[in-house]
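K.L.:
curious how this folds, go ahead:
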Amino acid sequence: MPEPILVIACGALAREIDALRQRWGWRHLHLKCIDAKLHNRPAAIPGRLRELIRRHRASYGKIFVAYADCGTAGGIDRVLAEEGAERLEGAHCYEFFAGRERFAELAGAEPGTFYLTDFLARHFNRFVMQPLGLDRHPELRDAYFGNYRKLVYLSQTVDAQLLESAAQAAGFLKLDFEHIHCGYGALETSLIQRFGGSSHAEEDSRLLA
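P.N.:
Coordinates of the predicted model:
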């Protein structure tokens, strides 16, 4: 059995990492997740990461952090430099799912874009509607989204129900809708580069054919 590896991840990535882990048969890759709701309080994320790294360091030779910067203004990177751990590259999950260049093109073409991933399409009500009070006060839509023009759904899996949920979210927010299938992007390639495995891209291509 290979040496156990710990991945400390944002809860928004738990399903994707577990899918890759099962696909590759990586029983030695262990997963600990931090509640995705901390994205509403990003200043709390670095401290929580430090706590988990220190708690589990003695049990793992390798610890990898499945977070981007996630609005912490370099806070995550400072913790990882001090604790000797690595993370995913990128400012946020939209960037590493879409790819840095592709995301820059999307943002440059329409700065007023709101992005969804599979996680946010699946939990749009819990992570967008309820925290912003839009489920109770839909009239607040313009206050929050009046400067947006488009919703782009960056999908990780081929799922008709999630696609419909994303389209409905765009309809509620009164935004133009675009769907771009990205797969797992840098989440997958980063895990492959560090721990081995094979790409999921060919399977996605067959599903989309």
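K.L.:
Provide a list of residue ranges in this protein with pLDDT below threshold.
P.N.:
Along the chain, segments meeting pLDDT under 70 span 1, 196-209.
K.L.:
what lines up beside the helix or strand where residue 65 lies in the sheet?
P.N.:
Per DSSP states H and E: residue 65 is located in strand 62-66. Next to strand 62-66 in the sheet, as set by DSSP bridges, lie strand 5-10 (parallel), strand 86-87 (parallel).
K.L.:
if you compare those strands, which one is most tucked away?
P.N.:
strand 5-10 (a mean of 22; mean count of other Cβ atoms under 10 Å). All C-beta atoms are positioned from the backbone trio N, CA, C, and that covers glycine.
K.L.:
if I follow the layout properly, residue 148 ends up in contact with residue 111?
P.N.:
No. Counting by Cβ atoms under 8 Å, residue 148 stays clear of residue 111, with 9.4 Å between them.
K.L.:
comparing those two, which shows the higher neighbour count?
P.N.:
Set residue 148 next to residue 111 and count neighbours by other Cβ atoms under 10 Å: residue 148 wins out with 18 against 11.
K.L.:
quick one: the more buried one is in a helix?
P.N.:
No. Using DSSP: H, G, I helix; E, B strand; the rest coil, the assignment for residue 148 is coil, not a helix.
K.L.:
can I take it that residue 30 is in a helix?
P.N.:
No. Counting by three-state DSSP, residue 30 is not part of a helix but strand.
K.L.:
show me the contacts for the closest residue to it other than its chain neighbours.
P.N.:
For residue 30, ignoring the flanking residues on the chain, the nearest one in space by Cβ to Cβ, 6 or more residues apart in numbering is residue 6 at 5.2 Å. By Cβ atoms under 8 Å, 6 or more residues apart in numbering, the contact list for residue 6 reads 30-32, 56, 59-60, 62-64.
K.L.:
right, I'll leave it there.
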